[in-house]
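Q: quick one: sequence plus predicted model below, questions after.
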Number of protein chains: 4
Amino acid sequence: MAPRELRIGMVGYKFMGKAHSHAYRDLPFFFDTGVTPVMTAIAGRDEAGVRAAAEQFGFASCETDWRRLIERDDIDVVDIVTPNNTHAEIAIAAAKAGKHIICEKPLALTVDQAKQMRDAVNEAGVRAIVCHNYRFSPAIQYAKQLISSGKLGRIYHVRAQYLQDWIMDPEFPLVWRLRKEVTGSGALGDIGAHIIDLGRFLVGEITDLTATMETFIKERPLGEMSGGLNAKKDVNATGIVDVDDAAAWLAHFDQGALGVFEATRFAAGNRNGNRIEVNGEKGSIRWDLENMNNLQVYLVDDAPGLQGFRTINCTEEQHPFAGAYWPAGHIIGYEHTFINLFATFFQSIVDGTECKPDFEDGLQNERVLAAIEQSSERGQWVQVTQG
Amino acid sequence: MAPRELRIGMVGYKFMGKAHSHAYRDLPFFFDTGVTPVMTAIAGRDEAGVRAAAEQFGFASCETDWRRLIERDDIDVVDIVTPNNTHAEIAIAAAKAGKHIICEKPLALTVDQAKQMRDAVNEAGVRAIVCHNYRFSPAIQYAKQLISSGKLGRIYHVRAQYLQDWIMDPEFPLVWRLRKEVTGSGALGDIGAHIIDLGRFLVGEITDLTATMETFIKERPLGEMSGGLNAKKDVNATGIVDVDDAAAWLAHFDQGALGVFEATRFAAGNRNGNRIEVNGEKGSIRWDLENMNNLQVYLVDDAPGLQGFRTINCTEEQHPFAGAYWPAGHIIGYEHTFINLFATFFQSIVDGTECKPDFEDGLQNERVLAAIEQSSERGQWVQVTQG
Amino acid sequence: MAPRELRIGMVGYKFMGKAHSHAYRDLPFFFDTGVTPVMTAIAGRDEAGVRAAAEQFGFASCETDWRRLIERDDIDVVDIVTPNNTHAEIAIAAAKAGKHIICEKPLALTVDQAKQMRDAVNEAGVRAIVCHNYRFSPAIQYAKQLISSGKLGRIYHVRAQYLQDWIMDPEFPLVWRLRKEVTGSGALGDIGAHIIDLGRFLVGEITDLTATMETFIKERPLGEMSGGLNAKKDVNATGIVDVDDAAAWLAHFDQGALGVFEATRFAAGNRNGNRIEVNGEKGSIRWDLENMNNLQVYLVDDAPGLQGFRTINCTEEQHPFAGAYWPAGHIIGYEHTFINLFATFFQSIVDGTECKPDFEDGLQNERVLAAIEQSSERGQWVQVTQG
Amino acid sequence: MAPRELRIGMVGYKFMGKAHSHAYRDLPFFFDTGVTPVMTAIAGRDEAGVRAAAEQFGFASCETDWRRLIERDDIDVVDIVTPNNTHAEIAIAAAKAGKHIICEKPLALTVDQAKQMRDAVNEAGVRAIVCHNYRFSPAIQYAKQLISSGKLGRIYHVRAQYLQDWIMDPEFPLVWRLRKEVTGSGALGDIGAHIIDLGRFLVGEITDLTATMETFIKERPLGEMSGGLNAKKDVNATGIVDVDDAAAWLAHFDQGALGVFEATRFAAGNRNGNRIEVNGEKGSIRWDLENMNNLQVYLVDDAPGLQGFRTINCTEEQHPFAGAYWPAGHIIGYEHTFINLFATFFQSIVDGTECKPDFEDGLQNERVLAAIEQSSERGQWVQVTQG
C-alpha cells in the first residue's frame, strides 16, 4: 500500500527554499496524487535563520546540521536547495539513508559528482528528481506532446535563449552565485542548464557542440544575496569574478537538429527571458517564460492563406496540468511549475513509475555543461558523452 | 489589540469557493498582515457536497444551513460565494450577527438590495469587501498609481472590454449563470461588473450612459454548472434564456472622460479577455487579463523618436503586491488577485483603515448595472445616481 | 474596345494629393489593369502652389480653377482631394461633364449633398469611387473573403476603434480639419468614416445607433496644415473648435450583429490605430492598421488544445492584391492601399463591372455619420435610413 | 556641377530586378537628391525575356550582352542583379568603363573576387554600393543612431536570426539559389549575409567565429525560379544539393560584444524572419523584418517601475527616411528599403561624400562568409581578416 504521507526534510532556505515550500503547501489543494507532503523539518547552519525560515515556510522543526536531518526516521524525502557545491555530498548521504531526493539544478559542480549522485541513487533504489521546473509549464508540456506525437515532424532547429539582466550593474556584488567554488559556473549552470534541459526534453540528446563564454565585468565588490535575486554589498573590498556572465553554444542533436543556445545575465530589459523555438518539418513552436502561459504554434498543413503562428493560452483542459487549476483564460504563474513538478514526482512514487528529469538527466545535463566549458577553453567542438 | 486569527465561514463552494479557499491557504505564506485566516466552516445545502468541499478546500467543519454558520461564535468573517440572488439575505444576516463580510460580485440583484446591504454593514459597524479581484492585479494597481499621481494627466478616454466565449455553443445549457432570477443578468453582471469596477477604480464615477443588451441564443437545453465554467446538460428539455449574452454602453465620467464598454460571452477566441485602455493628456495605459502581468504604458513626454508603448512586466518591487512573491520576471496568475484582495482586506481590519471596494462601491456598481438595463430597455441615456 | 489610357485630372494637392499621385505612378508597375493612368492635369487656386505640386507629383499641366479642369477634353477621370465642403460641387460638375470620379472621404458634408452626388453620377452614367482605402488592405480583403464564405459563421460582434493623437496638444492650431464649415465634423468624418466603412464592408448595414461626441479642447490658436498631418500656428489669435475631438457609438447591424465604435484624436500613443475585430459563431478576426499586413484569425473548429488566434502575415499569393507585390513576408505599407483601390477601380472601368465603395456607399456612410450627429444631439437612438 | 540625371543600366531582371526597378521609379517622388535616375537600358541573355522585362519595369532599351550595356556612353550606373557567380566579372568591367556600380549581395563568390572588385572600383574612382537594403529600414537606421550616440552604452550582445521557410518542401527544386557554382552558398550567402551586415552596421567588426552549416535535404528535383521566391520543377530528374540549408555561428566583435547568428530556410512559419537584438550596458533594441516599422527599445535609465521595451513605430519625422513618406503611423514596406538605399547612394554621388555599404563592406562581409565556411569545415574558430 502506498504511503499516505511523504515527510519532507529540506536542506537550505533561500529563494529556492521559498519556491519549494510554497509548492508543498499548495500542491494538495490542486492535485490528488494519493500522497500528502508533510513539511517536517528544515536544515540550515544558522540557527536563527533556519528557525525563522521554518516558521515562515511552515516546517514543523529545524536542524542546524543537514546530517541530522538525513538521519531522522521521520523524513521520507530530502529536498536540496543549497548552493551547488553542496548538492553531491548531501544527495549521496540522503540516498544512503534511503531517502527520496529532490535536488535543485544544476545537479552538481562536475560530471564526476553527478555520476556519483546518480550511482548512489540507483544503488539505494530511491527516487530522485532534479528541479528543471520550466519543463513543467503547461505550454512546454504541451509542446512536448506535439513533438512526440509527430505533429511537428522531423525537427530541424532548436533555438533557445535564457536572457536575464540582474547583475548588469558593475556594483552588483560578488555573491555566491558569482563564485566558481560555490556555484561551478555563472550564467551557464544557473540558467543555461535550464535551456539545455528544455532542449533535451523537447528534442533529444546533444551529441557535440562548440561554445564560448564571457565575463564582461571582471571585478566586483564583495557581498551577499539578500532575498530573491537581490543582493547587498557587505564590505569595502572587491573580488575577481571567476564565472561566466554569458555563454553561447552551437550544438548538434542526435536526430539531426541544429541547436543554437545562449545564456546571459547581461541582456538589458530581459528580466527572465527564457525563450525557446523549435522548427520542424511540419510545424514550429515558440515559447517565452515571461508570458509562460502562451505557446505559439505554427502548422505547415494549415490551409494556404490561413497559415500563421497561433497564440495558444495553455490554460485549457487539453493542456497538461492546466485542468487542475482554473478555467481557460485564467493564467497561472512561475510558482506553479514547481507544483506541477512535485505532483509528478509524488505521483510517480505512489505509482512506482519512472519520473523525469531524474539524476540520469541531471548527469547528462552536467555532461553538456562540462562540454561547453571544455569547448570554450579549447576553442574546439567537443563530443558530449552519452549516458 | 488586533486579533491574531480571523476565522472564516464560507457560504457556497463552487468555482469562487475554490478560488477563495485557495487564497486563504496561500495568503499567510506571502503576506504578513498581522492576522491569520483560519478556515473554520463552510456551508451548503447538499450535505455530501459541502462535506466534500470542506475536505477538498481545507475547512474544519461544515453546515447545511448558512444561518447556522452565521450564528456560530467561532466565525469572524462570512465569505459569500453563492449565486447572486442569495447575497443580500446572507450578507444582511451576517452583518447583524456582527461578522465581517467578503462578498462575491455583483453585490446584489438590485440597487435596493445593495443599499440594504450597505446600510446593514454600516449599522453593524462591520467591515465588508466586494470581490472585484482584478483591480488587485499588480499591473492595475500600478496603473492606478500612475493615474492618481497625475502621470497620465487629465483622462480623456476609458475603453474596456470583457470578452469571453464559453457559452457560444447553442447546446451549452441553461445553467444558473444564465437564469435571471438567480443571477440578475448575464454577461452584464458577471463580467460587465468587473470592467465597471476597473473604470471606477482607475478613473472615477460614471455619471450617465446609453446602453444596449443582446441575447443571441434565446433558447437552450436545461443543465447545470459542473466545475469552473463547464456545464453538463441534465435533461431533454429546453428553456428560454432571459439574460443578456452581451452588453455595451457609452458613458461619461465625472471628470469628463468618455467611456466605451463592452461585455460579452460571444467573442470567439477570447477565453478571458478583460481588456482596458485609458488615454490621458500625458499618457496612456493598456492591459489585458490574459497576459495580466504586463502593463503597457505610453508617456507623452518621452523624447521624440523614442515614443512608444512600453511593455512593463509588473513583477518588480516597485509594482504593488509583486514584491511579496518572486523576483522580477517570475510571473503570477489569476489566483493571486484574490490573495492580494484578502491581504488588503485583512490588513485593513488589523489597521482599522478603510478598505475598497467596499459595499458602497458594490452599491455604486449596481447603480451602473441598473442604469445599463434601464437604458437598454428605454433606448435613452440614463443618469447614474451618485452615492 | 477599352481605352488604353485614363487621363487623370486631380483637384487639390495636399496630403491626399500626394497619396493619390503616388498611387497613379506606382500602379502600372504592379498591376496590369488594361489601362494606364496618365497624370494629365492638377487644379488648385494658388498658382505657385499648384505649379509646384504638378512638378512634385508629376502632372503634365495645371489649372487654377477646377471648373476649367473639368471642362477639358483630355480628362477622363476627376480625382477630388480637396476639403470636404467642396466635394459635392466638384463631383456633380464632373459627373455632368461625363467624367469618372474618384472622391476622398467623407463623400460630402451632408446626406443631401451625398444624395445629389450619387444621383448625378447615376444620371451621367459615369463611374465613381469614394476613397475608403483601408478596405483595400490585403488583410481586410482577406477578412472579407473569410466572412463572405461563411468561415466565421453568423456575426455577433463588430468592435472598431480609430485612435489618433495628432491634435492632443492644445497649441495645435485650428486648421481646416478642425473647422465645421470646411470639414463637416472632426474625428467623426475624418476617421470615424473609415471604421464605418470597414464595418459596412465586412459585416453589413447599420440599422440604428446611439452616439456621443466630445470636444475636449474647445479653443485653439489659428493656423494651417503644413504637410501630412502637421500644422503651424499662423497668427496670435484663437478660435472656437466647433467639431468633435472624439465620437463613439453603439450600433445594430442588419443581420443582428452588435457594433461598438470609437473614433478619437485624443488617444495618446496611437498614431494611427485603426483597429477592428469581428466575432462570429465560427471564428473571429482582429486587425490593426499600424501593423496592417497582419490579420489575426481564430477558428472555433481548430482542434481543442490548438485553439488560438493565428497571426497571418497577409503577404502570400492567397491574400488579395499581395501577389502583385513581393514574396511572402515582404510587407507592403499605407500607400499600397491606394494602389489597390485604384487598380480595382480602373479594372472595373475596363471590365464594365461594379466597383465598390461607390457613391451609394459614400451616401450610406454619410447617413450613418448624420445619424451619429443626430443621436449625439438628441441623446436617443436614431434609425439609419437605408439606401 | 553635379549631373542632373543618372542613367541606369541594369544587368539581370528577376526578383531583385523588379525591386530595384521599382525603386528607381518611385525614388524621385519621395526624395530630392539633386539627381534623377533614368532607366536607360537593361541587359539579359534571353532576348524575349529581357524585352518583356524592359517593358514591364520601364527601361527604355535592352541589350542581350551585358558587355554592350557597359560600353554604352549613355549609362552612368551599372546595376548588377544577376546570380552571384557573375557579379565580379560584370562589376570589374563596369568599373573599368568608369561606371558607378550598384551590386546585389553577396558581393561575390569568394574573398578574392570581392577584393578584385573593391580594387577595381578604387582604381577607377567610381562609386559602388552593395545592396544590403535592410540596414536602410528606418528602424535599423534609428537603432544605429541610438548605438552610435552611446544611448545603449557598451554593447554586450548581438543576437540575429534570418529565418525563412520557402524551400522546406523536399519537392522544391534545385534552382540556381541552391547551386553552389552559381550562388556560392545557400542560406548563408543569401540571408546570412544580411544579418552579418546588420551586425557590422550596428555594432562593428567580427574578429573571429565558430560555425556550423547544415544541408537537411540533400537531393532535389531539378527546376528553375519562376518569379519572386517561387519555382517550378522542370524535368524528371534530381540533383545533389551542394549548398547549406542553414548556418549558425558564434562570433566575437572587435569591441567585445558576443554575437550569436543563425540563417536558415528551414524555420517553418517564418516567411522572412530577419530578427536582430542588441543588448548594451544602458539599453537594448529588438527588430523583426516582418514588422519592420517597429523598433523595440529598452533603456536602463527609465524610472524603476516604468522599465520595459517600448514598441516604437518608426514612422515619425525623427526616424531616418520616414519623413519623406507619410505621417506618423502610416507604415512603409519592403520596397522602401531599396528606395532609401538608392536615395542615399545618389545623394552621395551628388555630394561627393562617402556611401556605405561600399565594396569594402561587401569584401568584409565576404571575409566573414568565408570564415564561416572554413570554420564549419574545420570545426575550429577562425579569425576574420580585417580590411
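A: Structure's in. What do you need? Residues are numbered from 1 along each chain as shown, chains lettered A, B, ... in the order given.
Q: host element of the residue of the stretch 101-250 of chain A found nearest chain C?
A: Going by CB to the nearest CB, chain C is nearest to residue A:142 of the stretch 101-250 of chain A, at 6.7 Å. Placement of C-beta: from N, CA and C, glycine included. For residue A:142, the host element (DSSP states H and E) is helix A:138-148.
Q: elements contacting that helix?
A: helix A:193-202, strand A:273-280, strand A:283-288, strand A:294-299 (3 or more CB pairs under 8 Å, 6 or more residues apart in numbering or on different chains; DSSP states H and E).
Q: show me how chain A divides into domains.
A: For chain A, the domain assignment from automatic domain parsing gives the residue ranges A:5-133, A:135-332+A:343-357+A:364-378.
Q: and the helices in the stretch 101-250 of chain A, which stretches?
A: A:111-124, A:138-148, A:180-183, A:187, A:193-202 (DSSP state H, counting those that start in this stretch).
Q: could you give the average pLDDT over the helix or strand just after the third one?
A: Scanning forward in sequence from helix A:180-183 by DSSP H and E, the next helix or strand is helix A:187. Per-residue pLDDT values across helix A:187 average out to 97.
Q: and helix A:187, anywhere near chain B?
A: No: Helix A:187 is not in contact with chain B by CB under 8 Å from any CB of the partner chain; minimum separation 14.6 Å.
Q: report the distance from that helix to the chain centre.
A: 13 Å (CA atoms, centre = their mean, to the nearest Å).
Q: quick one: contacts of that helix?
A: A:162, A:164, A:243-247, A:263-265 (CB atoms under 8 Å, 6 or more residues apart in numbering or on different chains).
Q: ok so, going back, tell me which of the helices of the stretch 101-250 of chain A lies nearest to residue C:297.
A: Nearest to residue C:297, of all the helices of the stretch 101-250 of chain A, is helix A:138-148, at 20.0 Å by CB to CB.
Q: most centrally placed residue in chain A?
A: residue A:132 (2.6 Å; CA atoms, centre = their mean).
Q: just to revisit the earlier point, can you name the two of the contacts of helix A:187 that sit furthest apart?
A: A:162 and A:243 (15.1 Å).
Q: these two: who's more crowded?
A: Counted by other CB atoms under 10 Å in any protein chain shown, residue A:162 and residue A:243 do not tie: residue A:162 has more neighbours, with 29 against 22.
Q: correct me, but the more buried one touches residue A:197?
A: No: taking contacts as CB atoms under 8 Å, residue A:162 lies outside contact range of residue A:197: 10.6 Å.
Q: okay, now residue A:208: neighbour count?
A: Using other CB under 10 Å: residue A:208 sits among 17 other residues.
Q: kindly report the same for residue A:34.
A: 13.
Q: go on, residue A:109?
A: By other CB under 10 Å, the residues close to residue A:109 number 23.
Q: what pLDDT is listed against it?
A: 95.
Q: chain D versus that one, what's the distance?
A: Per CB to the nearest CB, to the nearest Å, residue A:109 is found 24 Å from chain D.
Q: same question for residue A:314.
A: Residue A:314 is 18 Å from chain D, by CB to the nearest CB.
Q: hmm, that residue is touching residue A:322, no?
A: Yes: counting by CB under 8 Å, residue A:322 is a contact partner of residue A:314 at 6.1 Å.
Q: mutual contacts of these two, please.
A: Both residue A:314 and residue A:322 are contacted by residue A:138, under the criterion CB under 8 Å, 6+ apart.
Q: can I get the CA coordinates of the helix holding residue A:142 in PDB?
A: Provided in PDB are the C-alpha atoms of helix A:138-148 (Å, rounded to 0.1, in the frame of the first residue of the first chain):
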ATOM      1  CA  PRO A 138       1.700  23.500 -19.300                       C
ATOM      2  CA  ALA A 139       2.900  25.200 -22.500                       C
ATOM      3  CA  ILE A 140       6.100  23.300 -22.600                       C
ATOM      4  CA  GLN A 141       4.400  20.000 -21.700                       C
ATOM      5  CA  TYR A 142       2.000  20.600 -24.500                       C
ATOM      6  CA  ALA A 143       4.800  21.400 -26.900                       C
ATOM      7  CA  LYS A 144       6.400  18.100 -25.900                       C
ATOM      8  CA  GLN A 145       3.200  16.300 -26.700                       C
ATOM      9  CA  LEU A 146       3.000  17.900 -30.100                       C
ATOM     10  CA  ILE A 147       6.600  16.900 -30.900                       C
ATOM     11  CA  SER A 148       6.300  13.400 -29.500                       C
END
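Q: what's the angle from that helix to strand A:283-288?
A: 160 degrees (axes from the mean of the first three to the mean of the last three CA atoms, to 10 degrees).
Q: now do helix A:138-148, average pLDDT.
A: 98.
Q: now swap in stretch A:174-181 and tell me
A: 92.
Q: end to end, how far does that stretch reach?
A: Start-to-end span of stretch A:174-181 (CA to CA, to the nearest Å) is 12 Å.
Q: swap in stretch A:184-202?
A: Terminal residues of stretch A:184-202 lie 26 Å apart, using CA to CA.
Q: who's the spatially closest residue to residue A:288 that is not a sequence neighbour bridged to?
A: Closest residue to residue A:288 apart from its sequence neighbours, by CB to CB, 6 or more residues apart in numbering or on different chains: residue A:275 at 4.6 Å. Beta-bridge partners recorded for residue A:275 (DSSP bridges): residue A:161, residue A:288.
Q: check the burial of residue A:275 by counting its neighbours.
A: Counted with other CB under 10 Å, residue A:275 comes out at 19.
Q: contact partners for it?
A: Residue A:275 is in contact with A:160-163, A:286-289, counting by CB under 8 Å, 6+ apart.
Q: can you redo those as a markdown table with pLDDT?
A: Listed next are the contacts of residue A:275 as a markdown table, based on pLDDT from 0 to 100:
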| residue | pLDDT |
| --- | --- |
| A:160 | 98 |
| A:161 | 98 |
| A:162 | 98 |
| A:163 | 98 |
| A:286 | 98 |
| A:287 | 98 |
| A:288 | 97 |
| A:289 | 96 |
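Q: closest one of those to residue D:150?
A: Using CB to CB, these come closest to residue D:150 at residue A:163, 22.2 Å.
Q: which ones are touching that closest one?
A: Contacts for residue A:163 (CB under 8 Å, 6+ apart) come out as A:262-264, A:267, A:270, A:273-275, D:279.
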